[in-house]
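Enquirer: here is a sequence with its predicted model. Questions after.
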Amino acid sequence: MLFLQYSPDYSSNFCDMMTHITEGEIMDCWKPLSSSSGTWKRSISMIKSAGITAVVFAAMLSAAAVSCAAEATESGSLPRYKLEVGQELNYEGSETYKFDDGSKFQSDKRWQINVVRWNEDGSHRLVIRFTTMATNTGADGKARKSPEDVWVGLADLDAIGTLVERFDSFRSQHQLSQVFPRLPANEAERANGWQCAGPPGSTFRYHTLPDSTPKQLFVAGVEETPFKAIYGTEDTNTLTFDLVRGLLAGSKATSKQTWGSKGEGTEEVKLIDVHLRDANWCAKFAADVETFFAAQQKLTKVELSDDTTVESFDQAVAALKAAKAKIEIPEFQRQVDRLLDDQGEREYIERTIKVREALLGKSAEDFKTTDLDGKPQSLSDYRGKVVLLDFWYRGCYWCIRSMPALKNVAEHYQGQPVALLGMNTDQDVADAKFVEDNLGLKFATLKAGELPKTFQVPTFPTMILIDQQGKIRDIHFGWRPTLEQDLIEKIDRLLAETK
């Protein structure tokens with residue numbers, strides 16, 4: 001038998017609630033029972049036009065439940081997420097990584113996930129609060145605890161785990177994949193395995209394990225990415241999905257790295273608690289969600305912009321302060337305080353602004369160096385072309401993360417007066433060649449030597465755009481999901497100036 005699920009706070013006043021309920025509220029409460037939003041919309045319209053009583057409507061819901069149960073039987077035992085508006089899920093995780101030199105890294109993690117609304121496409125809007133508390137223990141046994149790190153994100157998730165990030169919150173995909181892995185779309189995928197896109201440049205692959213039961217589905221998952229070869233990483237992940245509750249019950253993972261931070265690690269994640277928030281709390285929470293993320297988005301855009309000024313950063317900070325005055329939920333108030341107290345971010349912004357002010361519009365200093373094979377190279381060799389200098393090294397994760405985008409940019413301008421030059425700072429040429437070969441980079445990679453000082457590089461990766469006359473026209477810091485598109489737009493503008 002399929003029982004209708006709704007908040008206990010509403011159950012005693014069901015008849016009164018049905019007298020005043022709106023279409024949106026009906027959809028929010030009862031949509032999880034049906035896969036056809038069109039059917040529900042027609043039913044709602046009929047209810048309103050005919051003045052059907054709450055008792056009759058309850059009977060209709062009961063009939064719909066029987067229909068849904070039949071549909072579920074026909075579809076077999078496919079796993080599906082069963083989320084409800086007002087639901088709060090709490091997961092806890094523990095990670096331990098032991099380095100070959102005897103030192104150790106430990107991290108305690110917490111996920112608080114609130115389901116704030118049902119969307120018209122059948123997905124649910126989630127607010128994710130992810131907290132980590134890390135401890136680094138040296139080979140000498142001395143432990144150093146890092147400050148608590150809290151990140152808040154917003155995303156939409158459907159019944160099979162398809163994730164759509166909101167507010168450019170690109171960390172969502174990584175954090176949510178641990179507690180909301182993708183599920184098989186059909187019986188063929190369940191039998192043969194399935195996959196989905198992960199963070200840019202990666203793919204998640206899954207297959208069911210033979211010891212699964214009617215109540216629990218055991219799944220093996222792995223993230224495939226070219227970056228694993230760069231760092232010599234291997235990992236395993238076993239997931240337990242609760243078919244009755246429609247939620248991940250837990251997971252266990254192992255990891256190993258053979259380059260750089262060599263060592264082995266383990267991680268375990270468990271579902272700790274699931275409960276429903278009352279209607280009053282949900283209403284306040286939903287309002288605070290909109291207020292907080294609107295203000296956070298302004299700050300994020302400023303942080304990611306290549307045209308950031310101290311004034312624009314201060315304006316974004318002022319917007320955050322104004323948002324805090326409107327927010328009622330303590331968790332969001334504390335998150336605003338964390339953003340406002342992030343002095344490191346302000347220092348980073350000010351440092352990059354100084355670099356831009358010192359270099360933009362100036363002639364790029366000519367340099368002489370060699371490529372990885374020892375062939376002489378100089379900036380003047382590329383006069384008359386748009387030149388993009390990318391400063392990077394193997395141990396820089398975000399440098400490696402940027403490589404697929406840069407590779408695409410180089411291929412996009414093949415045969416045109418554009419030169420992309422990798423400016424590598426690794427002391428061992430073998431490290432640079434390893435990256436070049438494994439990622440299939442076709443653009444030239446040069447030995448940067450002391451050039452990061454010449455160009456005042458404040459962070460890695462840093463990308464410097466030089467026009468056909470040798471002047472520095474733009475500077476880009478770090479990686480972002482739109483890196484490829486952003487670079488192409490900037491290069492196109494420079495090319496258009498000579499037409």
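Expert: That came through, no problem.

Enquirer: now the end-to-end length of stretch 205-213.
Expert: 21 Å (CA to CA, to the nearest Å).

Enquirer: let me know the average pLDDT across that stretch.
Expert: For stretch 205-213, mean pLDDT rounds to 95.

Enquirer: may I see the buried residues of that stretch?
Expert: For stretch 205-213, a neighbour-count test (16 or more other CB atoms under 10 Å) marks Tyr206, His207, Thr208, Ser212 as buried. Where you see a C-beta, it was placed from the backbone N, CA and C, and this is true even at glycine.

Enquirer: flag every buried residue along whichever strand or helix holds Asp337.
Expert: If you go by DSSP states H and E, Asp337 is part of helix 330-340. For helix 330-340, the neighbour count (16+ other CB under 10 Å) marks Glu331, Phe332, Gln335, Val336, Leu339 as buried.

Enquirer: and the helices in the stretch 201-350 of the chain?
Expert: Using DSSP state H, counting those that start in this stretch, the helices of the stretch 201-350 of the chain run over 227-231, 279-304, 310-326, 330-340, 343-359.

Enquirer: what's the closest of those helices to Ile400?
Expert: helix 227-231 (5.4 Å; CB to CB).

Enquirer: restricting to C-alpha, output that closest one in PDB.
Expert: Extracted in PDB, the C-alpha atoms of helix 227-231 (Å, rounded to 0.1, in the frame of the first residue of the first chain):
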ATOM      1  CA  PHE A 227      43.700  14.500 -14.300                       C
ATOM      2  CA  LYS A 228      44.100  11.200 -12.500                       C
ATOM      3  CA  ALA A 229      47.000  10.200 -14.800                       C
ATOM      4  CA  ILE A 230      48.700  13.600 -14.000                       C
ATOM      5  CA  TYR A 231      48.800  12.800 -10.300                       C
END
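
Enquirer: show me the shaky parts of this structure.
Expert: Along the chain, the model assigns pLDDT under 70 to residues 1-76, 167-174, 499.

Enquirer: recalculate using a threshold of 50.
Expert: Scanning the chain for pLDDT under 50 picks out 1-75, 170.

Enquirer: quick check on Thr482: phi, psi?
Expert: Backbone geometry at Thr482, expressed as degrees, to the nearest 10, gives phi -100, psi 20.

Enquirer: hang on, Gln106 in a strand?
Expert: Yes: looking at Gln106 with DSSP: H, G, I helix; E, B strand; the rest coil, it is inside a strand.

Enquirer: quick one on the thing from earlier: next, format the buried residues of helix 330-340 as TSV and append distance to Gly201.
Expert: As requested, the buried residues of helix 330-340 are exported to TSV (distance: CB to CB, whole Å):
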residue	distance to Gly201
Glu331	32
Phe332	32
Gln335	29
Val336	32
Leu339	28
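
Enquirer: going by distance to Glu350, which of those residues wins?
Expert: For the buried residues of helix 330-340, the nearest to Glu350 is Leu339 (16.5 Å; CB to CB).

Enquirer: my read: the closest one touches Thr300, true?
Expert: No: with contact defined as CB atoms under 8 Å, Leu339 does not count as touching Thr300 (9.9 Å).

Enquirer: what sits in contact with each of the two?
Expert: Common contact partners of Leu339 and Thr300 (CB atoms under 8 Å, 6 or more residues apart in numbering): none.

Enquirer: ok, Asn114 touching Val152?
Expert: No: assessed by CB under 8 Å, Asn114 is found out of contact with Val152, at 10.5 Å.

Enquirer: who touches both of the two?
Expert: Common contacts of Asn114 and Val152 (CB under 8 Å, 6+ apart): Val127, Arg129.

Enquirer: if we can go back for a sec, could the helices of the stretch 201-350 of the chain go into TSV alongside distance to Glu88?
Expert: Putting these into TSV (distance: least, CB to CB, whole Å) gives the following:
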stretch	distance to Glu88
helix 227-231	34
helix 279-304	9
helix 310-326	22
helix 330-340	11
helix 343-359	29
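
Enquirer: of those, which is nearest Ala410?
Expert: helix 227-231 (18.4 Å).

Enquirer: what's the domain layout of this protein?
Expert: For the chain, automatic domain parsing gives the domain ranges 8-74, 87-276, 279-341, 359-496.

Enquirer: of those domains, which is nearest Glu350?
Expert: Of the domains of the chain, nearest to Glu350 by CB to CB is domain 279-341, at 6.8 Å.

Enquirer: tell me how far the ends of the closest one are from each other?
Expert: Using CA to CA, the end-to-end distance of domain 279-341 comes to 32 Å.

Enquirer: now it: how far from the chain's centre is it?
Expert: Centroid separation between domain 279-341 and its chain, computed with CA atoms, centre = their mean, to the nearest Å, is 19 Å.

Enquirer: for stretch 449-460, same thing?
Expert: On CA atoms, centre = their mean, the centre of stretch 449-460 falls 29 Å from the chain's centre.

Enquirer: over to stretch 77-97?
Expert: For stretch 77-97, the distance to the chain centre is 17 Å (CA atoms, centre = their mean).

Enquirer: list the buried ones in that stretch?
Expert: 78-81, 83-89, 91-93, 95, 97.

Enquirer: same check, this time on stretch 212-227
Expert: Under 16+ other CB under 10 Å, the buried positions of stretch 212-227 are Ser212, Leu217, Val219, Gly221, Val222, Glu223, Thr225, Phe227.

Enquirer: report the beta-bridge partners for the closest residue to the third one other than its chain neighbours.
Expert: Distance criterion CB to CB, 6 or more residues apart in numbering; nearest residue to Val219, sequence neighbours excluded, is Leu239 at 4.3 Å. When assigned by DSSP bridges, Leu239 has beta-bridge partners Val219, Ser251.

Enquirer: ok, Leu239 to Phe218 distance?
Expert: For Leu239, the distance to Phe218 equals 7 Å [CB to CB, to the nearest Å].

Enquirer: run the chain-centre distance for stretch 334-352.
Expert: Counting by CA atoms, centre = their mean, stretch 334-352 comes out at 20 Å from the chain centroid.

Enquirer: then stretch 251-264?
Expert: That offset, for stretch 251-264, works out to 21 Å (CA atoms, centre = their mean).

Enquirer: could I get the buried residue list for it?
Expert: Buried residues in stretch 251-264 (16+ other CB under 10 Å): Ser251, Ala253, Ser255, Gln257, Gly263.

Enquirer: please apply the same query to stretch 266-280.
Expert: Neighbour counts over stretch 266-280 (16+ other CB under 10 Å) mark Glu267, Val269, Leu271, Leu276, Arg277 as buried.

Enquirer: tell me if I'm right that the fourth one and Leu89 touch.
Expert: No: shown here, Leu276 and Leu89 do not form a contact pair, counting by CB under 8 Å, at 10.8 Å.

Enquirer: of the helices of the stretch 201-350 of the chain, which is nearest Lys447?
Expert: helix 227-231 (18.9 Å).

Enquirer: so how far is the closest one from its chain's centroid?
Expert: With CA atoms, centre = their mean, you get 20 Å for helix 227-231.

Enquirer: just checking, what packs against it?
Expert: Where contact means 3 or more CB pairs under 8 Å, 6 or more residues apart in numbering; DSSP states H and E, helix 227-231 is packed against helix 397-412, helix 429-438.

Enquirer: what are the bridge partners for the nearest residue to Arg110 once chain neighbours are set aside, then?
Expert: Leaving aside its sequence neighbours, Arg110 sits nearest to Thr131 (CB to CB, 6+ apart; 4.4 Å). Applying DSSP bridges to Thr131 gives these bridge partners: Arg110, Val150.

Enquirer: what's the neighbour count on the closest residue to Phe204 other than its chain neighbours?
Expert: Spatial nearest neighbour of Phe204, excluding adjacent residues (CB to CB, 6+ apart): Gly198 at 4.8 Å. Taking other CB atoms under 10 Å as the criterion, the count of residues near Gly198 is 18.
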